[in-house]
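J.: sequence and predicted structure, then a few things I'm wondering about:
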Amino acid sequence: QVQLVESGGTWVQTGGSLRLSCEASGGGKRSYAMAWSRQAPGKEREFVAGISYSGRLTRYADSVKGRFTISRDNAKNTMYLEMNSLKPEDTAVYYCAATPSSLIPRISEYDYWGQGTQVTVSS
């Protein structure tokens with residue numbers, strides 16, 4: 001069983017930057033793809049970014065391309081989301097997800113989820 005704990009969410013001004021972290025534990029020796037997803041009030045959860053176990057493959061939602069960067073440090077069992085040029089529409093609860101895979105599955109295929117961290121962007 002994999003446990004995921006997100007951190008780093010807070011209020012930030014429009015145009016600002018923020019880094020989210022997701023620490024994983026309990027995964028054993030399997031290789032896990034990881035991803036960030038978010039859910040804004042009144043909206044469905046949406047894919048934000050994903051990264052393969054090796055870190056060589058990444059994928060982003062069109063809405064965050066060029067502004068967000070996903071990365072991971074397998075030695076620390078931690079994944080990151082660097083968010084720049086934040087907009088009010090980025091306001092959401094951000095969730096970390098993981099699943100055994102060497103690629104980047106669709107967000108619906110992730111087995112393990114964190115509790116989420118709130119990001120609020122406003123002027």
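T.: Happy to help now that I have it.
J.: just the strands in this structure please.
T.: Counting by DSSP state E, the chain has strands at residues 3-7, 11-13, 18-25, 32-39, 46-51, 58-60, 68-73, 78-83, 92-100, 112-113, 117-122.
J.: out of the ones you listed, nearest to Arg106?
T.: strand 46-51 (7.7 Å; Cβ to Cβ). Backbone N, C-alpha and C define where each C-beta goes, glycine included.
J.: mind putting the strands of the chain in CSV, distance to Arg106 and mean pLDDT included?
T.: Shown next, in CSV, are those (distance: least, Cβ to Cβ, whole Å; pLDDT from 0 to 100):
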stretch, distance to Arg106, mean pLDDT
strand 3-7, 18, 97
strand 11-13, 29, 98
strand 18-25, 19, 97
strand 32-39, 9, 97
strand 46-51, 8, 97
strand 58-60, 10, 97
strand 68-73, 16, 98
strand 78-83, 18, 98
strand 92-100, 10, 97
strand 112-113, 14, 96
strand 117-122, 22, 98
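J.: ranking these by burial, who's on top?
T.: Mean neighbour count (mean count of other Cβ atoms under 10 Å) peaks for strand 32-39 among these, with a mean of 24.
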